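>>> Have a look at this prediction, sequence included:
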Amino acid sequence: KTLVPYTIITLLTACNVQENPDLQEKNFQDRTMSSRDQMLIFSSGSCASTSGNHCGKKSPDGCWCDNLCAKYKDCCPDKKEICDNPEPDPNQKFCLNHCGKKSPYGCWCDDLCAKYKDCCPDKKETCDNPEPTPEPTPGPEVQELSDGDQITISGQLGEWKYYKMKTCSGPYLQISLSGGTGNPDIYLQKDSIPSLDNYYCKSLHPEASDGCQTYTRPYIGIYAKEAYQNVNLRAVCYAPTMYPKPPPEVTELNDGDTVQVSADQGEWKKYHTKCDCNVTAKLYGGSGNPILYTQQNFPPSESGYHCKSDNPDIIKKCSSSGATSMNSYYVYVYAEESFSNVTLSVACQAD
């Protein structure tokens, strides 16, 4: 008989634990009644934290910051100030980088906080009115060119100038630079602005005439890897059966012509002729050691040519052949050192 009351008491106690949610929470937090009944009121410790607060849980100082601490008389001294009715700093950004979730300060920054009345003070300002998307940065200025245009340009170190063909009389395009001082480079790209690592044609040679040929109407970029002044930019379109007209500084020669040529160091002498089949150019006589270049359809350069003759022979000779009638040939003479009174001869259908 004496066991019956004891059993009933035990069962009642167990039932009380199951029906008391506050006690469940305390047991979950390892705060038993036996330990709490003996605890004194804490006179030190804080609910504040450098990363937020300890509201709703135990402070590392040993006191508590939850809703049961008043019952068990173990609240941190500043629990009411920090957790119950905190006065928010009007400049404090509780939701900064926490939109859509709980703030480290204990309030919420999601869409449900209005329903549960636990929004952070700056939720609307920080999360509901985000910074507007900045306007896109304007692209670089692109100047339009027409077929046959020749313009004079200058640029500072690192500067880009961009162009696009407005009109073209044929499917092919020749872009060339000549004259002036400095060494600008040509870059071409099909569907976008070219850059130092985004292009499909570039001309980077420090000659008197740089060029790029293309079969489309690309974006044209001129880059100043060093400052340059008064350089001629020329754009010429043409069809497969016709080729660009020679630049204005090129002298026309006929079959069998001979001319006396002199030039200072670094200077180019430029000539052009037309032949039904092939052409042979020769340099002889005079003083110095000029270099002879020939190329069909387009001006040659130090790195772009069909034939080059730079051996110190008495006669320098270059021959170029064409596959169609009335072929266009360029004959250029370069003064690696000064030369004078050298004879240049041009002959069509010659060996």
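Received the coordinates, thanks.
>>> from here on, contacts and neighbour counts on C-alpha atoms
Will do.
>>> Low-confidence stretches in the stretch 151-300 of the chain?
204-216, 239-245, 277 (pLDDT under 70).
>>> how about the strands in it?
According to DSSP state E, counting those that start in this stretch, the stretch 151-300 of the chain carries its strands in the segments 160-165, 172-178, 184-189, 201-203, 209-214, 219-224, 228-238, 251-252, 258-263, 268-275, 278-284, 291-296.
>>> Can you name every helix or strand that the third one contacts?
Using 3 or more CA pairs under 8 Å, 6 or more residues apart in numbering; DSSP states H and E, the elements in contact with strand 184-189 are strand 201-203, strand 209-214, strand 219-224.
>>> quick revisit: what about the strands of the stretch 151-300 of the chain, which gets the closest to Cys348?
strand 278-284 (4.4 Å; CA to CA).
>>> how far is the closest one from where the chain is centred?
Strand 278-284 has its C-alpha centroid displaced from the chain centroid by 48 Å (CA atoms, centre = their mean, to the nearest Å).
>>> Next, the angle strand 268-275 makes with it.
150 degrees (axes from the mean of the first three to the mean of the last three CA atoms, to 10 degrees).
>>> Name every strand pairing with strand 278-284 and say which way it goes.
Using DSSP bridges, the strands paired with strand 278-284 are strand 315-321 (antiparallel), strand 339-348 (antiparallel).
>>> mean pLDDT lowest for which of these?
Mean pLDDT values for the strands paired with strand 278-284 show the minimum at strand 315-321, a mean of 60.
>>> Spatially central residue in this protein, please.
Ser195 (8.7 Å; CA atoms, centre = their mean).
>>> how many neighbours does the nearest residue to Tyr293 once chain neighbours are set aside have?
Once flanking residues are discounted, Tyr293 sits nearest to Lys308: 4.6 Å by CA to CA, 6 or more residues apart in numbering. When neighbours are defined as other CA atoms under 10 Å, Lys308 has 22 of them.
>>> which residues touch Lys308?
Ile291, Leu292, Tyr293, Thr294, Cys318 (CA atoms under 8 Å, 6 or more residues apart in numbering).
>>> wouldn't Thr167 be in contact with Asp149 here?
No: counting by CA atoms under 8 Å, Thr167 stays clear of Asp149, with 10.2 Å between them.
>>> Surely Cys69 and Asp78 touch.
No: assessed by CA under 8 Å, Cys69 is found out of contact with Asp78, at 12.0 Å.
>>> Name the residue in these two with the higher neighbour count.
Just comparing Cys69 and Asp78: by other CA under 10 Å the higher neighbour count belongs to Cys69, 19 against 16.
>>> residues in contact with the residue nearest to the centre of the chain?
Tyr187, Gly221 are the contacts of Ser195 under CA under 8 Å, 6+ apart.
>>> And Tyr271, by the same measure?
Contacts of Tyr271 (CA under 8 Å, 6+ apart): Val250, Thr251, Glu252, Leu253, Tyr330, Val331, Tyr332.
>>> Ser192 - how many residues pack around it?
12.
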